[in-house]
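1. how would this look folded up:
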Amino acid sequence: MEKPYVLGIDIGGQTAKSGVVNARGEVLAQTILVSNNHQDARDFVEALAQTLRKLISDAGLNGQIRGIGVGAPNGNYYTGEIKDAPNLSWAHEKNIPFAKMLSEAMDGLPVALTNDANAAAVGEMTYGAAKGFKDFIMITLGTGVGSGIVIDGKVVYGHDGFAGELGHTCAVRGGRSCNCGKQGCLEAYCSAIGVARSAQEWLEQHPEEPTLLRLRENITSKDVYEAAKAGDKAAKEIFEFTGTLLGRSFADFVAFSAPEAIVLFGGLARAKEFLYEPIVNAMNENLLSLWRGKVKVLFSSLSESDAAILGASALAWDI
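-> Take a look at the predicted model:
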């Protein structure tokens, strides 16, 4: 009997979002697992498997799942391993055979794994803002900064499966320390955590200036966004700074793959009304003239969970 459904899983630093997907690319049911409170990989996989079994049962689809596709930080498409993922609290081991572990926990269901940003790129190319594009770069702005590079309609994996770590290119020489161990990475400034760090630095550098951000004890990027929406000058300056750094880096990214568009996805991309203009201005100021004004900056047209779930699920049809 043909099994007409697959599971797509998007694993992030805070949550793991899972969905049942049919052959038309419709997410029929979803669930969320908090992912940052597990002791180790085995503990996380056991909790995830339990969540998936309930999702399948509640949807009335026992015995009808063909396979599982997973997008995760530092996920390797070739080996099925998660390697050196600094934003996953449970990923203490250097090489976690994640696809194998999850398959065993799910009674042998086949599992395919890729980088979370690559999964989002596939989802966006198939169903969203990048539909019809053959050359684009997906940038995910969440706990970290991820990227999926598509050239001639194909995701770029590189010789070892780890191509596309643009969040760990250097945005500020000698800048902030990053979880990866380097300094000045784009992720250290333009992730959700990076925006919160920028806000804290702003408060320290402007002790006398009024801002709604002083009302928050532990500032998050969501606090900065809400303050900006309320017209807060400091919050808007923080997004201007963030967008400018993104735009400068995007100009460098364009120089090596000449994409038709750069697509932004993830929780921080919700702040598009404050990020778009500084990104585009800084990008075009730093582009070679042959690309200036030609590269689109787009925001995902799919819901935050759907793009990554759909992209991850696409892996499962071919395993």
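2. hey, let's count contacts and neighbours off CA atoms from now on
-> Will do.
3. pLDDT on stretch 143-159, on average?
-> For stretch 143-159, mean pLDDT rounds to 95.
4. so what's the gap between that stretch and the chain middle?
-> 11 Å (C-alpha atoms, centre = their mean, to the nearest Å).
5. in it, what counts as buried?
-> By 16 or more other C-alpha atoms under 10 Å, the buried positions in stretch 143-159 come out as Thr143, Gly144, Val145, Gly146, Ser147, Gly148, Ile149, Val150, Ile151, Val155, Val156, Tyr157.
6. for Gly144, see how far away the residue nearest to the last one when sequence neighbours are not counted is.
-> With C-alpha to C-alpha, 6 or more residues apart in numbering as the criterion, Tyr157 has its nearest non-adjacent residue at 4.8 Å, and that residue is Ala163. Counting by C-alpha to C-alpha, to the nearest Å, the gap from Ala163 to Gly144 is 16 Å.
7. per-residue pLDDT of Ala255, please?
-> Model confidence at Ala255 (pLDDT) stands at 97.
8. let me fix that, I meant to ask about Ala192.
-> So, for Ala192, pLDDT stands at 96.
9. ok, it - how many residues close by?
-> Look at Ala192: counted by other C-alpha atoms under 10 Å, it has 24 neighbours.
10. wait, doesn't it sit right on Leu186?
-> No. Judged on C-alpha atoms under 8 Å, Ala192 makes no contact with Leu186 at a distance of 11.5 Å.
11. thinking again about what came up before, the buried residues of stretch 143-159 in strands, which ones?
-> Judged by DSSP state E, strands contain the following of the buried residues of stretch 143-159: Val145, Gly146, Ser147, Gly148, Ile149, Val150, Ile151, Val155.
12. with adjacent residues omitted, what lies nearest to the third one?
-> Leaving out its chain neighbours, the residue that sits closest to Ser147 by C-alpha to C-alpha, 6+ apart is Ile139, at 4.5 Å.
13. helix or strand for that neighbour, which one?
-> strand 136-141 (DSSP states H and E).
14. tell me the strands beside that strand, with direction?
-> strand 145-151 (antiparallel), strand 261-265 (parallel) (DSSP bridges).
15. what lies in contact with the longest one?
-> Under the contact criterion C-alpha atoms under 8 Å, 6 or more residues apart in numbering, strand 145-151 has outside partners 73, 116-121, 134-140, 155-156, 164-168, 186-187, 190-191, 257, 259.
16. sorry, back to before: the residue nearest to Ser147 touches Ile262, doesn't it?
-> Yes. Judged on C-alpha under 8 Å, Ile139 makes contact with Ile262 at a distance of 7.1 Å.
17. okay, the two: which has more neighbours?
-> Shown here are Ile139 and Ile262; by other C-alpha under 10 Å, Ile139 has more neighbours (28 against 22).
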